[in-house]
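>>> Got a sequence here, can you model it:
(chains A, B, C and D)
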Protein chains: 2
Amino acid sequence: MHDAGILEGPSVEQLDLVEVLQALGDPIRLQVVRILDQADTPIACHEMGLPVAKSTGSHHLKVLREAGVITAQVDGTRKYHTLRRDDLEARFPGLLDSVLSD
Amino acid sequence: MHDAGILEGPSVEQLDLVEVLQALGDPIRLQVVRILDQADTPIACHEMGLPVAKSTGSHHLKVLREAGVITAQVDGTRKYHTLRRDDLEARFPGLLDSVLSD
DNA sequence: GGAATGATTCGACGAACGTCGAACGTTGGA
DNA sequence: TCCAACGTTCGACGTTCGTCGAATCATTCC
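I've put the predicted structure just below:
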């Protein structure tokens, strides 16, 4: 069971606006963010029903994670993803809301 | 004097979130947006002091214009640029503010 | 008319991106 | 122990991007 580890990305202060905007500026990744927003629980990659191959989905999740938009928590063979709402709100107030309200 | 024409981009309803985020997700273009924001009057390309060749600057302005972030107004040999604040606010409330307040 | 000014267009270039399938690693269950 | 499930990594591919200089265009001024 190797214990569920949390994959941390950049800290709140390290969040870079350009990097976040680039991460959000893709249809698939925006879809991921919307899915995670509307979900009340962490979601695994294969549960998102992304219209791309699994390797591509994995890539997009990585981009979002490295930009600091989402966090991943490993549980067994699955990896549950969560939106870093509070961190994004703290660093870029209003940004996530404006993107999600569209 | 061929009259100062206004170069219109996409209408408010046509503004696409992904396109806008992509346009904002570049250091140079973000710099342009900040310059236009802090200026109280329209600004010409060569007045911005961008750290790139003029052809590159022209390219970035075009990307911003086609995404609907800025408008250009031709006056003689110059082209004055303005931030489409109200349109962006109407289409994506809070987005511009959150990007500019960083 | 001719020169100067401000900006666009046109290749060209390397770098980065989005995509895929195949292979691999790890974990959990039969 | 073996197999299935889940995800990552690894080339590979074509496309798009950011950048530049040179050439071009439009306008203004002398």
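
>>> At the contact with DNA strand D, which residues of chain A appear?
For chain A, the contact set with DNA strand D under C-beta under 7 Å from any atom of the strand comprises A:44-47, A:54-55, A:57-59, A:61-62, A:72, A:77-79. In short, each C-beta sits where N, CA and C put it, glycine included.

>>> Kindly indicate which of those residues lies nearest residue A:90.
Distance to residue A:90, by C-beta to C-beta, is smallest for residue A:72 among the residues of chain A next to DNA strand D, at 19.7 Å.

>>> What residue, apart from its backbone neighbours, is nearest residue A:79 spatially?
Nearest non-adjacent residue to residue A:79, counting by C-beta to C-beta, 6 or more residues apart in numbering or on different chains: residue A:72, 5.0 Å away.

>>> State the three-state secondary structure for that neighbour.
strand (DSSP: H, G, I helix; E, B strand; the rest coil).

>>> wait, what's in contact with it?
A:6, A:7, A:61, A:65, A:79, A:80, A:81, A:82 (C-beta atoms under 8 Å, 6 or more residues apart in numbering or on different chains).

>>> So is stretch A:51-58 next to DNA strand C?
Yes - judged by C-beta under 7 Å from any atom of the strand, stretch A:51-58 comes into contact with DNA strand C at A:52, A:53, A:54, A:55, A:56.

>>> what comes up buried for that stretch?
Neighbour-count burial for stretch A:51-58 flags residue A:57 (criterion: 16 or more other C-beta atoms under 10 Å in any protein chain shown).

>>> What lies in contact with that stretch?
With C-beta under 8 Å, 6+ apart as the criterion, stretch A:51-58 contacts A:28, A:45, A:46, A:48, A:50, A:60.

>>> quick one: which of those residues sit in helices?
A:28, A:60 (DSSP state H).

>>> Pick out the most distant pair among the contacts of stretch A:51-58.
Across these (C-beta to C-beta), the longest gap, 14.6 Å, separates A:28 and A:46.

>>> quick one, which of the two is more surrounded?
Neighbour tally, residue A:28 and residue A:46, criterion other C-beta atoms under 10 Å in any protein chain shown: the higher count belongs to residue A:28, 19 against 11.

>>> List the residues that contact the closest residue in space to the more buried one that isn't next to it in sequence.
Nearest residue to residue A:28, sequence neighbours excluded (C-beta to C-beta, 6+ apart): residue A:60, at 5.2 Å. Going by C-beta under 8 Å, 6+ apart, residue A:60 touches A:26, A:28, A:29, A:32, A:50, A:52.
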